[in-house]
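Visitor: what's the 3D shape of this:
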Amino acid sequence: MRCRFGMVKAMEDLTYIGLPAALPALEEKSNGVHFGMPSEPLLGALLRVLAASKPGGQILELGTGTGIATTWLLDGMDNNSILVSVDNDAEVQRIAAELLGHDKRLTLVTEDGAAFLRKQPARCLDLVFADAIPGKYEALDEALAAVKVGGFYVIDDMLPQANWPEGHAERVPVLIERLASQPDFSILPLVWASGVLIAVRHR
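Guide: All right, here's what the predicted structure looks like:
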């Protein structure tokens, strides 16, 4: 006798994922200034989950942009968590300040990300999201050194992107190899969204 199984609906990535309240306004403002590097909802949903896993977390975002990934991080954080978001472009960061600056958990810093990282003590952060050249292709060692045991280091744009400058594609596999060779981290490369890599410090 054959069992009869009902049709199983395919799981879709964004079907059950609610959007942060500030996201539509941030996207509208981003489009208004022709900001061409916003984080996509799939990545944002991942960042929200990772932030939620760190109650009272100390979180760093490198590359505020207009604040799209920032609002996903804030949406996952509890009231005792702190997010510092760093960008060297005050003009685009101004949008994040306008729409998210009322949130007391958020500190926006206008500074070169590599310079900021070099001032941070070792193992002080629960989550580092490096969405800029600093912390990823520059000052990588400093970014990793700031991650606590059990903390996350997250990067995206590991799959080919239309806005990559000439010669950038050659840097990506080099970066992945460097991260794979870190003895204190376990990594998970995801061929998903824009190409995401998650590393967690295990010792």
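Visitor: List the contacts of stretch 128-137.
Guide: With C-beta atoms under 8 Å, 6 or more residues apart in numbering as the test, stretch 128-137 has contacts from 39, 47, 59-63, 65, 69, 73, 86-87, 112-114, 116-117, 142-143, 146-147, 151-157, 171, 175. From N, CA and C alone the C-beta is placed, and that goes for glycine too.
Visitor: What of stretch 94-105?
Guide: With C-beta under 8 Å, 6+ apart, stretch 94-105 has contacts from 22, 25-26, 29-30, 33, 35, 64-67, 70-71, 74, 77, 79, 81-83, 85, 106, 108.
Visitor: How far does stretch 69-76 sit from its chain's centre?
Guide: 9 Å (C-alpha atoms, centre = their mean, to the nearest Å).
Visitor: returning to that earlier point: drop the exposed ones from the contacts of stretch 128-137 and show what's left.
Guide: 39, 47, 59-63, 65, 69, 73, 86-87, 112-114, 116-117, 142-143, 146-147, 151-157 (16 or more other C-beta atoms under 10 Å).
Visitor: Among those residues, which lie within helices?
Guide: Leu47, Ala69, Leu73, Gly113, Ala114, Phe116, Leu117, Glu142, Ala143 (DSSP state H).
Visitor: Looking at this structure, which strand is longest?
Guide: Using DSSP state E, we find that the single longest strand of the chain is strand 147-155.
Visitor: Neighbouring strands of that strand in the sheet, and parallel or not?
Guide: Sheet partners assigned to strand 147-155 using DSSP bridges are listed as strand 125-130 (parallel), strand 196-201 (antiparallel).
Visitor: Dump these to a markdown table, plus mean neighbour count and distance to Ile187.
Guide: Listed next are those as a markdown table, based on neighbours: other C-beta atoms under 10 Å; distance: least, C-beta to C-beta, whole Å:
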| stretch | mean neighbour count | distance to Ile187 |
| --- | --- | --- |
| strand 125-130 | 25 | 14 |
| strand 196-201 | 20 | 5 |
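Visitor: Export those strands to CSV and append columns for distance to Trp164 and mean pLDDT.
Guide: Converted to CSV, these look like this (distance: least, C-beta to C-beta, whole Å; pLDDT from 0 to 100):
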stretch, distance to Trp164, mean pLDDT
strand 125-130, 16, 98
strand 196-201, 16, 98
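Visitor: Turn those into a markdown table, columns for distance to Glu166.
Guide: Listed next are the strands paired with strand 147-155 as a markdown table, based on distance: least, C-beta to C-beta, whole Å:
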| stretch | distance to Glu166 |
| --- | --- |
| strand 125-130 | 22 |
| strand 196-201 | 23 |
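Visitor: For Lys54, find the nearest of these.
Guide: Checking the strands paired with strand 147-155 against Lys54 by C-beta to C-beta gives strand 125-130 as the closest, at 4.1 Å.
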